Every structure is written in C-alpha cells, then in structure tokens.
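In: just a sequence and a predicted model for now, questions to come.
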Amino acid sequence: MVAFAHSPQSTIGVEWELALTNKTDGELAPCAEQVLARLGERHPHLLVPSTESVHVTGEFLNNTLEVITGVCTTVAESCRQLAEAVDALRPICDELGLDFFCAGTHPYSRWAQQTVVNKDRYQRVVNRAQYWGRHMIIFGVHVHVGVDSPQKALAVVDALTNYCPHLLAPSVSSPFWEGIDTGYASHRTMLYQQLPSNGLPFSFQTWEQYSAYLDSQVATGAIEDVSEDRWDVRPVPHYGTVEMRYCDGLASLPDVAGIVALTQCLVEYFSRRFDAGERVQVLDPWHAQENKWRAARYGLDAQVVVSNEPQVRPLRDELKDLLDMLRPVAEDLECLPELEQMRRILTEGTGADRQRRVLAQTGSFREVMRDLAEQAKQPPLR
C-alpha cells in the first residue's frame, strides 16, 4: 500500500510558474538555464530545495522558472517567500534583457518555437502525447495543503472536485493563443486535459482502493510512478498533502495570495467536517466535468451545477456565499486579508478579463505583455 507522509494539518506550500520573455518584443525566451546559473552564483541557497525556505528550479520548458516555497503556516509567509525569490530574480533578468510574467498562456508566442527541457520525465510526456505534449506552453499555480491522514486526503479531494469552478474561474488568465482570442477564459485548461493522466480525479472510499488504483496504473504502463498521476486535485503521498492544480497562472502576488487562501480555507473547512464524521456528497462526474468546462469557457460568468438534483446557480453568487462561509476559518488561519482578495477579483475581473480589456484599449498584444510583466512586480500584501 502507498505510504502517506506525516504533514501538519493545513500547512501550505506554493508553486508559482514564471515565464521568461525578451524585453524587446515580449516573446518567450528559452533562457532558464542562464538565469539559474547566475542565481546560483549570487544566491546559491535559492537553488537548494528546503522545507523551510523558498527555492527556484527549472520546469517543463526552457522558458520557465518555478518558484517553490518551503512548508508555511500562513499565506502571508508563503507570499513573502515567493517575493524573496522574485526580488533575487529581477536584477538577473534585467541584466539578461529579460522580463518574466505569469498567466495561463502567452498571448502570442508560437508553441512550435518553444523547447522542452532535456530531462527524461519531460521527454516521456512529449514522446507519449506527441502533438498535444508539444502544445503544453502553459503556466500555472499549484497549492499544497497538509492533511493529517490518508483517508482525510481522499475526502478533501472529493470536496475540492465539487469546488473546481470556484477555484478555477477566479484564476482564469489564458484567453489568447498565438494572437487569437480563443473565446475561452482558460485555454490552458483545454490544453492541459489533453494529457492522458490529467483531468478531474476519481473518487475512492478507502486509501486501500486508491493505492490499488495507483498500482494498476503503474502495472499497465499508464504512469511510471505515482507523481505522474497529474489530476487537477490529488493526494501527494510523499508530502502528506492535497495538491490543488486547477488554476491558471496568476499575474501578481496579491492574486496568488487570494487563491492560496481560498484553497487553504477550503481544505481546513472540509478537514473539520471529516473530523466531525461528515463526508461530502460528490457531484456526479458528468456535472463536475460540465462545471470545469463552464469555468474554463466563461470564467466568473459561468452558471454552475451545485447539486445532483440538479440545481444551477451563478458562480458569482456561489463565490460570495463561499467567502462568507469561510470567513471564520480564514480568521483562525490568519489569512482573512488574503481571502478578501477574492472579492477584489469578483469586482475588478479576472486576468482574462484584464488582458482582453488591455487589448481592446490599445489594440496591441505587446501592451498586454507589458501589463502582465508590470503585474509581476507587485509586492505581497504584507
């Protein structure tokens, strides 16, 4: 049976993917290796993975850096760690003529011109998925939250499946692909689900059933190890966490803070319900899949299925009620200011809304990129 590591309840870790671009034209730049080399010379500790501090590493693409926090107690702590890494990266990127940004996709760079890092695990993705694997020019934010038992992890995964649109829609930031408006708020979501091990999770009643599933996936060659089961939300046995992977890339640290707070509060809320002997009724898979599509297509303007009866509600109303429900949890976790960023997003709009607005005002995709790069300079809330 797959072992589940010990992790203190509701501790968090955040992974923020940053894409490198040329300052001259805003195109993606395959310069991660050069940036990491200079970072290692000046701040060698930032290349060392640690449970106590932030570090920076490469990712699937040669144009991408991933900033990964240590194990944090509060959202504010995690954002301060992200800011530490960004502050170290910025002068290095300036010297190399680079900017960086975070959004679900680049608005106009060509996928065929991007290169994949020459590591076995990444090359396996491309070799297996072929055309779709080469299209993974996408960037996201992943949030790990500690849970204190494997059975609880499964219950939390079920609950977060119900809340897919509540987490995805506020993050949507990929309306454009190769200079075309796709009509979707999150084109990244539509691309990412083309990989065979991605998508919404299955529901399991026991950890033994889940372990048997993973064993069968490895035995049949679907995956080589459990880390390749890339569900939108999943248990991560070797960390003792539940990882939320729905979200498009978030452009600023305040936006990151809002999504991290929402995720942490949801996990803590449903952990408490599990401890009280409750188990959330999971939406029928056809409803959950429809909700994911609606969030990707319409963002915050989606109408979502909220029960198996079925019942449909505006997602904006759902989110407002959810934020009210989670307020006491946020106070306990000391992340209420960060959770309140979600109300700002409800008022001001998503990253996809902002990109479309900038394009409408300027007629220039280059200005969209300049705005994304500027947002990456925003400091943490506190």
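Out: That came through, no problem.

In: contacts, neighbours, all on C-alpha from now
Out: Fine.

In: so what's the gap between the longest helix seen in the chain and the chain middle?
Out: Scanning the chain for the longest helix, with DSSP state H as the assignment, gives helix 253-275. In terms of CA atoms, centre = their mean, to the nearest Å, the centre of helix 253-275 is found 13 Å from the chain centre.

In: same question for stretch 262-277.
Out: 20 Å.

In: and that stretch, what's buried?
Out: 262-271, 273-274 (16 or more other CA atoms under 10 Å).

In: for stretch 171-180, same thing?
Out: Using 16+ other CA under 10 Å as the test for burial, stretch 171-180 gives 171-177.

In: try stretch 280-297
Out: Across stretch 280-297, burial judged by 16+ other CA under 10 Å covers 282-283, 285, 287-289, 291-297.

In: now do stretch 109-120
Out: For stretch 109-120, a neighbour-count test (16+ other CA under 10 Å) marks 109, 111, 114, 116-117 as buried.

In: who does the residue nearest the centre of the chain bridge with?
Out: Central residue of the chain (CA atoms, centre = their mean): Val141, 2.6 Å from the mean position. Under DSSP bridges, the beta-bridge partners of Val141 are Trp16.

In: quick one on the thing from earlier: would you put the C-alpha positions of the longest helix of the chain in CSV?
Out: The C-alpha trace of helix 253-275 is given here as CSV (Å, rounded to 0.1, in the frame of the first residue of the first chain):
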residue,chain,number,x,y,z
LEU,A,253,1.4,38.2,-5.6
PRO,A,254,-1.9,39.6,-4.3
ASP,A,255,-3.8,37.3,-6.8
VAL,A,256,-1.7,34.4,-5.7
ALA,A,257,-2.5,35.2,-2.1
GLY,A,258,-6.2,35.1,-2.8
ILE,A,259,-6.2,31.7,-4.4
VAL,A,260,-3.8,30.2,-1.8
ALA,A,261,-6.0,31.5,1.0
LEU,A,262,-9.2,30.1,-0.7
THR,A,263,-7.5,26.7,-1.1
GLN,A,264,-6.2,26.6,2.5
CYS,A,265,-9.6,27.6,3.9
LEU,A,266,-11.4,25.0,1.8
VAL,A,267,-9.1,22.2,2.9
GLU,A,268,-9.3,23.2,6.6
TYR,A,269,-13.1,23.5,6.4
PHE,A,270,-13.6,20.1,4.9
SER,A,271,-11.0,18.6,7.2
ARG,A,272,-13.0,19.8,10.2
ARG,A,273,-16.2,18.3,8.7
PHE,A,274,-14.3,15.0,8.2
ASP,A,275,-13.2,15.0,11.8
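
In: what's that helix in contact with?
Out: 9-10, 12, 14, 75-76, 79, 83, 141, 143, 145, 147, 152, 155-156, 159-160, 167, 170-171, 244, 250, 279, 326, 329-330, 333, 335-336, 338-342, 345, 376, 378-381 (CA atoms under 8 Å, 6 or more residues apart in numbering).

In: and Asp371, that's in a helix?
Out: Yes. Looking at Asp371 with DSSP: H, G, I helix; E, B strand; the rest coil, it is inside a helix.

In: how much space separates it from Arg272?
Out: 40 Å (CA to CA, to the nearest Å).

In: equivalent analysis for Lys292, please.
Out: 26 Å.

In: before we move on, what about Ala37?
Out: Counting by CA to CA - Ala37 and Arg272 are separated by 44 Å.

In: then Trp207?
Out: Counting by CA to CA - Trp207 and Arg272 are separated by 19 Å.
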